[in-house]
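Asker: whatever this is, show me its structure:
(one chain, ligands or ions: 1)
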Amino acid sequence: MSSGPAEPSPPSPAGPATPPRLVRSAHLSWFGHMGAVYLFHDLFGFLMEMSPDIAELVDAFADGADTAETVARFTGRFGDADPQQFVDVLVSHFVLVEPDEDEIEGLWPMVAIKGKWNVWQRRGNAMTIWTAWGERPVAQILLDDEETAMWDAFDGEKRLIELRGRFDRDKLMHLVRRLVHSDTQALKLCQLPMSTFARRPQMAPRYLTSTMPYRSWRPGEPVPGTVESQVSPAAYYQGEIEDAALQFDHRETTLSHLFRVPHPALAGRTYGQALVDGLAQRGHLPTAPRAGGPARHLTVLEIGAGLGYVARDVMSRLRELGFEVDYTIVELAPALAAAQQQRLGADSARWVEGDVLAVDLPAASFDFILANEMIGDLPARYLSRTDIGLPVGDTGTADPNLVRQLGKGGELAADHGVNLDDAPEPLFLMTGAFELIDRVATWLRPGGVAILTEFGENSQWPRLSTHLDHPELSTHFGQLAALARGLGLGAHIDFVMDVIDLDRNAKGLATTRSHFRALRAMFEAAGIDLPKLGMVPEMLQELVADKLSLDKVGELRWDKIEDRLMGLVPHEFKLLALSRP
Ligand SMILES: C[S@@+](CC[C@H](N)C(=O)[O-])C[C@H]1O[C@@H](n2cnc3c(N)ncnc32)[C@H](O)[C@@H]1O
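Answerer: A predicted model of the protein is given here:
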């Protein structure tokens, strides 16, 4: 909900006085996602998030307009904000330019800096760049020998004007424009060389490392996916998932999905196996039977089982520990329930299809309940502090009567000790997750344990992820633990990576959704199926064998696995263990 361009301004070449007449640049692309709109400057690679009404201001200059008159026309349209300030920022980003300005000529003093998520392959002295932004088709950009030499000369330091003597001037400018454009996003232009930011990386403008994977949008069109007062992807799960495997490979990867095969960073175990081992070690599982003693019956409920890999491995590990397992799965998405049945065998578990907040299950009937990476999908309310009786911009105490009016989740929070007084403005209230805790408390047998994992923090209010195609929230684990204690359960929060004993020194492949799609297309062209797994260097080398030379392809970024693995940040994942005395 920013009211103005979000990027820090590069130093303004326009000087302090705004030109009397301005025209919109001829090189802009617009994108929209989850209620926000983004402007991409196709000559520089600047990326700005703004509210749709500022897009209208930009458009008012489409055919050239008098600056003062236009500013006067928009005065009052942005609350207290002065439209002149927006115009100044837009001028400093070359979004609005003087009518006789030669926009292309203005690029020569700029430094070319390579983008962060490029995918390329070298063949002799030539190379191919692969792109797959968002849902756009995979594209290849072929660079001939001379263009490849230009690419190699883009060192983040030299200005284009300095390269003009070495290369054909027109060909150089043509390549730069093609690579900076939002269709490619391989290059950014900056007024300062990268070495300026070497000691002060936080000063580097964010657009240098940002990318734009969202859908095209035009000013005047409705903004896609505006956040509504009730955030819930339930309809998405019930109706929109068509291809179950694709869902997890491209749209929504979970940590467990990345570790669905025996993995070097888990000492050769899968996520499900490592989870059971870690829970057993911490005493979070009902006591296992003695070796050679009679098997112990364990009733297990898994909520939201995705493709069924966690179920497969949890079930088998519990059996290895000597439990006789009776497994039930509650699943909302029919396509995922079908995939689970195919993976596990229709007789190996009992399926209850439906919303976990609506299904009817017997009270005190489960020894072990698991909800792995699903609570962020439950409904939440998007509210102002005033909706729960808190002042905006001042401290205060939430009004339990107002909180109760928010339905069952609100009643639970108000009546069982969930402190809401430090709410941000605006806020997401995890009403669905509160209801789940209440249901879990009812379904657990005395002595039973429930495990809920998700990305989130102990004391941070939920944040909306905007990188998926449906809304998903991070979890405030402290609030869930407080509610559970209020309902008479024991509650303990852990890092998932500690429980599964992830090797924190391992290096893993860092990708984004678009980067991975482009990488996968490039590998496929070499006859290799690149699976969505938590890739470590030895796994990738084994996969490509002699089909592809890894030193001829890029960019393969290997980050510390706890900081980034594919598109996930493993240290953000927490585990809440609830126990019924
Ligand atoms: C992000 S996936 C996680 C899947 C799996 N547990 C894993 O670790 O990969 C969320 C799962 O919860 C299911 N789900 C989402 N909302 C649900 C609800 N209200 N009731 C039951 N299942 C739900 C989804 O269909 C999906 O199977």
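
Asker: every contact and neighbour count from this point should use C-alpha atoms.
Answerer: Will do.

Asker: centre of the chain to stretch 512-532, how far?
Answerer: 19 Å (C-alpha atoms, centre = their mean, to the nearest Å).

Asker: can I get that stretch as CSV, trimmed to CA atoms?
Answerer: Output in CSV follows, covering the C-alpha atoms of stretch 512-532 (Å, rounded to 0.1, in the frame of the first residue of the first chain):
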residue,chain,number,x,y,z
THR,A,512,13.7,-18.0,-7.6
ARG,A,513,10.6,-19.5,-9.3
SER,A,514,11.5,-17.8,-12.6
HIS,A,515,15.2,-18.6,-12.3
PHE,A,516,14.4,-22.3,-11.6
ARG,A,517,12.0,-22.5,-14.6
ALA,A,518,14.7,-21.1,-16.9
LEU,A,519,17.4,-23.4,-15.5
ARG,A,520,15.1,-26.3,-15.9
ALA,A,521,14.4,-25.4,-19.5
MET,A,522,18.1,-25.1,-20.2
PHE,A,523,18.8,-28.5,-18.6
GLU,A,524,15.9,-30.1,-20.5
ALA,A,525,17.4,-28.9,-23.8
ALA,A,526,20.5,-30.9,-22.8
GLY,A,527,18.4,-34.0,-22.1
ILE,A,528,18.4,-33.6,-18.3
ASP,A,529,15.3,-33.5,-16.1
LEU,A,530,16.1,-31.1,-13.3
PRO,A,531,13.8,-32.0,-10.3
LYS,A,532,12.7,-29.5,-7.7
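
Asker: begin at 11 from now on, thanks
Answerer: With the count now opening at 11, the last piece we talked about shows up as stretch 522-542.

Asker: can it be found next to the ligand?
Answerer: No. Applying C-alpha under 6 Å from any ligand atom, one finds stretch 522-542 separated from the ligand by no less than 12.4 Å.

Asker: may I see the buried residues of that stretch?
Answerer: By neighbour count on 16 or more other C-alpha atoms under 10 Å, the buried set for stretch 522-542 is 522-533, 538, 540, 542.

Asker: just flag the most distant two among those.
Answerer: 522 and 538 (19.5 Å; C-alpha to C-alpha).

Asker: up against the ligand, what does the stretch 311-460 of the chain have?
Answerer: Going by C-alpha under 6 Å from any ligand atom, the residues of the stretch 311-460 of the chain near the ligand are 313-316, 340-343, 346, 364-366, 382-384, 387-388.

Asker: near the ligand, which residues of the protein?
Answerer: 244, 247, 264, 266-267, 313-316, 340-343, 346, 364-366, 382-384, 387-388.

Asker: restricted to strands, list those.
Answerer: Among the residues of the chain next to the ligand, the members falling in strands (DSSP state E) are 313, 340-341, 382.

Asker: so what strands line up beside the strand of greatest length in the chain?
Answerer: The residue-count maximum for a strand in the chain (DSSP E) belongs to strand 454-467. Applying DSSP bridges, strand 454-467 is found paired with strand 376-382 (parallel), strand 485-486 (parallel), strand 583-589 (antiparallel).

Asker: residue 415: which of those is closest?
Answerer: strand 485-486 (21.1 Å).

Asker: ok, back up a step: filter the residues of the stretch 311-460 of the chain next to the ligand down to the buried ones.
Answerer: 313-316, 340-343, 346, 364-366, 382-384, 387-388.

Asker: buried sites along stretch 272-280?
Answerer: 273-276, 279-280.

Asker: tell me which element residue 95 falls in.
Answerer: For residue 95, the host element (DSSP states H and E) is helix 93-102.

Asker: which helices and strands sit right next to that helix?
Answerer: helix 77-84, strand 106-107 (3 or more C-alpha pairs under 8 Å, 6 or more residues apart in numbering; DSSP states H and E).

Asker: tell me the most buried of these?
Answerer: strand 106-107 (a mean of 24; mean count of other C-alpha atoms under 10 Å).

Asker: gap between the following helix or strand past it and the chain center?
Answerer: Following strand 106-107 in sequence order, the next helix or strand is strand 121-124 (DSSP H and E). With C-alpha atoms, centre = their mean as the basis, strand 121-124 stands 26 Å off its chain's centre.

Asker: what residues of the helix or strand immediately after strand 121-124 in the chain count as buried?
Answerer: Sequence-wise, the next helix or strand downstream of strand 121-124 (DSSP H and E) is strand 129-133. Neighbour counts over strand 129-133 (16+ other C-alpha under 10 Å) mark 129-132 as buried.

Asker: next one: stretch 59-67
Answerer: Result for stretch 59-67 [16+ other C-alpha under 10 Å]: buried residues 59-65, 67.

Asker: any idea which of these is closest to residue 571?
Answerer: Residue 571 has its nearest neighbour among the buried residues of stretch 59-67 in residue 59, at 30.1 Å by C-alpha to C-alpha.

Asker: once you drop chain neighbours, what's closest to that closest one?
Answerer: Take residue 59 and drop its neighbours on the chain: the residue closest to it by C-alpha to C-alpha, 6 or more residues apart in numbering is residue 48, 4.4 Å away.

Asker: and the one you found, that's in a strand?
Answerer: Yes. Read with DSSP: H, G, I helix; E, B strand; the rest coil, residue 48 is one of the residues of a strand.

Asker: ok, back up a step: contact partners of the longest strand of the chain?
Answerer: Outside strand 454-467, the residues within contact range by C-alpha atoms under 8 Å, 6 or more residues apart in numbering are 294-296, 373-386, 450, 472, 484-488, 506, 582-591.

Asker: hang on, the earlier thing: okay, the ones in strands among the residues of the chain next to the ligand in CSV with distance to residue 54 next?
Answerer: Rendered in CSV, the data for those read as follows (distance: C-alpha to C-alpha, whole Å):
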residue, distance to residue 54
313, 47
340, 50
341, 47
382, 42
